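[1] what would the 3D arrangement of this be:
(4 chains)
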Number of protein chains: 2
Amino acid sequence: MVEAGQTRKRRRRTQSAPTVADVARLAGVSPMTVSRVINREASVVEATRDKVREAIRALDYVPNAAARSLAGGRQSRIALLHSNPSASYLSEFLVGTLQEAGASDAQLVVEHCAGGESADVLAAKLDSHRVDAVLLPPPLCDDAALLAVLRDRGLPMVQIATGRAADFAHAVTIDDERAAHAMTRHLLARGHERIAFITGDTNQTASALRLAGYRRALGEAGRAAEPELVVEGDFTYRSGLAAAEALLARPSPPTAIFASNDDMAAAASAVAHRHGLDVPRQLTIVGYDDTPIATTVWPELTTIRQPIQDMARRGTQLLIAAIEAKRLGKAGSVRHECLDFELVLRESDGDRPRD
Amino acid sequence: MVEAGQTRKRRRRTQSAPTVADVARLAGVSPMTVSRVINREASVVEATRDKVREAIRALDYVPNAAARSLAGGRQSRIALLHSNPSASYLSEFLVGTLQEAGASDAQLVVEHCAGGESADVLAAKLDSHRVDAVLLPPPLCDDAALLAVLRDRGLPMVQIATGRAADFAHAVTIDDERAAHAMTRHLLARGHERIAFITGDTNQTASALRLAGYRRALGEAGRAAEPELVVEGDFTYRSGLAAAEALLARPSPPTAIFASNDDMAAAASAVAHRHGLDVPRQLTIVGYDDTPIATTVWPELTTIRQPIQDMARRGTQLLIAAIEAKRLGKAGSVRHECLDFELVLRESDGDRPRD
DNA sequence: GGTGCTTTAGTTAGCGCTAACATTACGGGC
DNA sequence: GCCCGTAATGTTAGCGCTAACTAAAGCACC
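    Purely as a prediction, here's the structure:
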């Protein structure tokens, strides 16, 4: 009879991808050292590090995310709460988040969150998904009740593009005030004197900031904002239609209209055409956000572009760091970061018409 | 001296979530049985199954996805390739895909894919991400070269909303021909006789199907499509503007315009307003796709809604099944599925004006 | 009553990685 | 020379789950 050591090895792996062990063998080190190289730990001498990197390249090794998070006990799960009807915003946002989440092997849970929903229902949802942190794009980032619920549960969260960052939440924003200021300055530079402004929904904190930027630029140019040139909107196309009609019905209408978002700018453009006005020859119209409608309508809108993907990516990073910190029992300071916007010049703005 | 069994147990778990072992203990069964219940395996008697389910509920147990995919050796990674400028489509698509991927613990990789990119570059990207299957929303679903590359690499793929399903790829579609037919019938039912049609980009397979549906409905109503009422567009707002101008400049203009997507319908609506026409009182305009612009413009567009989330979900399911089948060495037959569309009635369609 | 089959449940080992500890190598101070 | 400290690497065990096997129980049939 053969010896007992003959126990048939049960194999489950078939032909799959290389593992740390394979890399370690090729590099002549232990698997642990490979792990350390992968995780960029300091305590590996450069020579060893190079050997390992070489082996990784040779084998075309990619770490197994599942094994990492299982062994590391990490397992970050981030919820993206959205109530936002703006699908384009969401999709850019998702792409940014997914990139970052993929890189840090965090899992993303996307949850639609109707405004009226009770806090308990929401909390139950988050619990059942074992959510560790929450990403809040607008307009949810400004929902005080929601923020409070999350804070009470001790969940790290990040407000994206809010105008009023809570002191217990991370935030990634652009400077709406400065962006609106820059756009207004641009219009002034093109010679416009009667510049109208269509405001956004007053419930969203960013709206006030945009108006403030507009006002400041006018003030700096030595002229006050004429009250009759500031019309209230609520970010909808419909409200833009009404606002533009009101503006163009004035005895001395503006030569430029700055709308607080692209939907309202597109509406203003439609109204202008209905009035037989040539955009931008006779009337300049600019928007804000650079959503798809900005490049859909004709002429394409000059607007302010927010780096949505970057904001999402950065927000996700902050959350992952926060989860890590929380796990280690550290407090982890709250960060408020401000990214750069971009003034996108297209075809809807022109010089002040000579009358 | 104490016995050797006294070896200090190294503990890594701290206070984390319940595991199969916890559930098993509570239910009085083995962990394996719990696993079987979770995976809905047949070989567990109803009584046992109930005990386990009860314990799961009591402990509020949620399986650890990382451990499952590590142990199960599954690890599906699905790439979503997109080149599509329509962000709204993408975001709905992403939400559907993420739901399904989350449920089956598959990982999603989102890759933007410029049209001109060489096949090698793309293939390298997919390899480096260890992609197991590919999701192809329009317009990439119609890219024959791309499809060929993927087929040659033996990757399962699913074409979403294509008009021409490849015999080597899965496909999830709606019946574009039937949808266009339904919309045209709706217009006929409202009394319209001169119904114009703005076509889509002829490179996308769905375009021809939509035109065909329109033609069939007219034919069934005993009238041929008048060639002068069919104008070519390419899915852009700009092309819709030109097409609508051409149509309304006709000696006897149409009383209804059916555009092959919402962007062009919105453009037609803008042109109508510029011509002083009341929509829908004097001119009916309908679109296709139910993208956000349909509800942004005023009046809101009557259109055809595709169940994008469902299509994404179903497509993802097909891929996961295909990956599984491939892993087991089975061929796995290619499936072409057709989901239901929805005719969304809003405010842009009306009865034929009495002249 | 024994043989063989099926159905249900349990055991064991291991997926790929890394935390925690162990070891080795080396340098400096007395 | 010896001890100790530090830096670099190795060893061991285990994260939570499930594939693959084993065992037990039930049943049919000769």
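
[2] in stretch A:297-316, what's buried?
    Going by neighbour count (16 or more other C-beta atoms under 10 Å in any protein chain shown), the buried part of stretch A:297-316 is A:297-309, A:311-316. Where you see a C-beta, it was placed from the backbone N, CA and C, and this is true even at glycine.

[3] restricted to strands, list these.
    Among the buried residues of stretch A:297-316, the members falling in strands (DSSP state E) are A:T303, A:I304, A:R305.

[4] want to try a markdown table for those residues, with distance to DNA strand C as columns?
    Output for those, formatted as a markdown table (distance: C-beta to the nearest atom of the strand, whole Å):
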| residue | distance to DNA strand C |
| --- | --- |
| A:T303 | 43 |
| A:I304 | 41 |
| A:R305 | 37 |
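
[5] tabulate the residues you listed (CSV), appending pLDDT.
    Output for these, formatted as CSV (pLDDT from 0 to 100):
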residue, pLDDT
A:T303, 98
A:I304, 97
A:R305, 95
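
[6] near DNA strand D at all, the helix or strand where A:A123 lies?
    In the assignment (DSSP states H and E), A:A123 maps to helix A:119-128. No: contact of helix A:119-128 with DNA strand D (C-beta under 7 Å from any atom of the strand) is absent, the minimum separation being 14.4 Å.

[7] contact partners of the lengthiest helix in chain A?
    Taking DSSP state H as the criterion, chain A has its longest helix at helix A:308-327. Helix A:308-327 is contacted from outside by A:74, A:76, A:78, A:89, A:92-97, A:99-101, A:104, A:106, A:132-135, A:137, A:154, A:156-158, A:160-161, A:170, A:172-174, A:331-332, A:335, A:337, A:339, using C-beta atoms under 8 Å, 6 or more residues apart in numbering or on different chains.

[8] sort out which of these are buried, if you could.
    For those, buried by 16+ other C-beta under 10 Å: A:74, A:76, A:78, A:89, A:92-97, A:99-101, A:104, A:106, A:132-135, A:137, A:156-158, A:160-161, A:170, A:172-174, A:332, A:337.

[9] buried ones in the worst-scoring helix or strand of chain A on mean pLDDT?
    Using mean pLDDT, DSSP states H and E, the weakest-scoring helix or strand in chain A turns out to be helix A:119-128, at a mean of 76. When burial is assessed from 16+ other C-beta under 10 Å, helix A:119-128 yields the following buried residues: A:L122, A:A123, A:K125, A:L126.

[10] now that helix - C-alpha only, PDB.
    Below are the C-alpha coordinates for helix A:119-128, written out as PDB (Å, rounded to 0.1, in the frame of the first residue of the first chain):
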ATOM      1  CA  ALA A 119     -35.600  59.500   8.300                       C
ATOM      2  CA  ASP A 120     -36.200  56.000   9.700                       C
ATOM      3  CA  VAL A 121     -36.900  54.500   6.400                       C
ATOM      4  CA  LEU A 122     -33.800  55.900   5.000                       C
ATOM      5  CA  ALA A 123     -31.700  54.900   8.000                       C
ATOM      6  CA  ALA A 124     -33.100  51.300   7.600                       C
ATOM      7  CA  LYS A 125     -32.000  51.300   4.000                       C
ATOM      8  CA  LEU A 126     -28.500  52.400   4.800                       C
ATOM      9  CA  ASP A 127     -28.300  49.900   7.600                       C
ATOM     10  CA  SER A 128     -29.400  47.000   5.500                       C
END
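
[11] ok, the following helix or strand past it: who's next to it in the sheet?
    Sequence-wise, the next helix or strand downstream of helix A:119-128 (DSSP H and E) is strand A:133-136. Paired neighbours of strand A:133-136 in the sheet (DSSP bridges): strand A:77-82 (parallel), strand A:157-160 (parallel).

[12] mean pLDDT lowest where, among the ones you listed?
    Lowest mean pLDDT within the strands paired with strand A:133-136: strand A:77-82, a mean of 89.

[13] ok, and what's touching that strand?
    Here strand A:77-82 has contacts from A:90, A:93-94, A:97, A:101, A:106-113, A:126, A:129-137, A:140, A:146, A:316, A:319-320, A:323, using C-beta under 8 Å, 6+ apart.

[14] that strand near DNA strand D anywhere?
    No: residues of strand A:77-82 contacting DNA strand D under C-beta under 7 Å from any atom of the strand: none, with a closest distance of 13.8 Å.

[15] in the stretch 201-350 of chain A, what residue is nearest DNA strand C?
    A:L328 (9.9 Å; C-beta to the nearest atom of the strand).

[16] burial count for that residue?
    By the measure other C-beta atoms under 10 Å in any protein chain shown, the count of residues near A:L328 is 8.

[17] swap in the one 5 residues further on?
    Look at A:S333: counted by other C-beta under 10 Å, it has 8 neighbours.

[18] same check, this time on the one 3 residues further on
    When neighbours are counted by other C-beta under 10 Å, A:H336 registers 16.

[19] give the contact list for it.
    A:H336 neighbours (C-beta under 8 Å, 6+ apart): A:A165, A:H170, A:A171, A:T173.

[20] let's see it at 6 Å
    Each residue near A:H336 by C-beta atoms under 6 Å, 6 or more residues apart in numbering or on different chains is listed here: A:A165, A:A171.

[21] beta partners of it?
    Under the criterion used (DSSP bridges), A:H336 bridges to A:A171.

[22] and the pLDDT at it?
    pLDDT, read off for A:H336, is 95.

[23] can you give the domain ranges for chain A?
    A:9-63, A:74-175+A:308-340, A:176-306 (automatic domain parsing).

[24] still on that earlier bit, and the longest helix of chain A, what's its mean pLDDT?
    On average, helix A:308-327 scores 89.

[25] that helix vs strand A:77-82, what angle?
    140 degrees (axes from the mean of the first three to the mean of the last three C-alpha atoms, to 10 degrees).

[26] ok, residues contacting stretch A:140-151?
    Contacts of stretch A:140-151 (C-beta under 6 Å, 6+ apart): A:L81, A:S83, A:A119, A:V134, A:M157, A:Q159, A:I160, A:T162, A:A166, A:F168, A:Q204, A:T205.

[27] try it again with 7 Å
    A:81-83, A:113, A:119, A:122-123, A:134, A:157, A:159-162, A:164, A:166, A:168-169, A:204-205 (C-beta atoms under 7 Å, 6 or more residues apart in numbering or on different chains).

[28] list the buried ones in that stretch?
    So stretch A:140-151, judged by 16+ other C-beta under 10 Å, has buried residues A:L140, A:C141, A:D142, A:D143, A:L146, A:L147, A:V149, A:L150.

[29] between the residues you listed, which is nearest B:L343?
    A:L140 (32.0 Å; C-beta to C-beta).

[30] residue in the stretch 51-200 of chain A with the shortest distance to chain B?
    Nearest residue of the stretch 51-200 of chain A to chain B: A:S91, at 3.1 Å (C-beta to the nearest C-beta).

[31] which strand or helix spans that residue?
    A:S91 belongs to helix A:87-103, assigned by DSSP H and E.

[32] tell me the mean pLDDT over that helix?
    Rounded mean pLDDT across helix A:87-103 is 81.

[33] could you say what helices and strands it packs with?
    Packing partners of helix A:87-103 (3 or more C-beta pairs under 7 Å, 6 or more residues apart in numbering or on different chains; DSSP states H and E): strand A:77-82, strand A:107-112, helix A:308-327, helix B:87-103, strand B:107-112.

[34] A:R210: which of these is closest?
    Nearest to A:R210, of the helices and strands packed on helix A:87-103 and by C-beta to C-beta, is helix A:308-327 at 16.6 Å.
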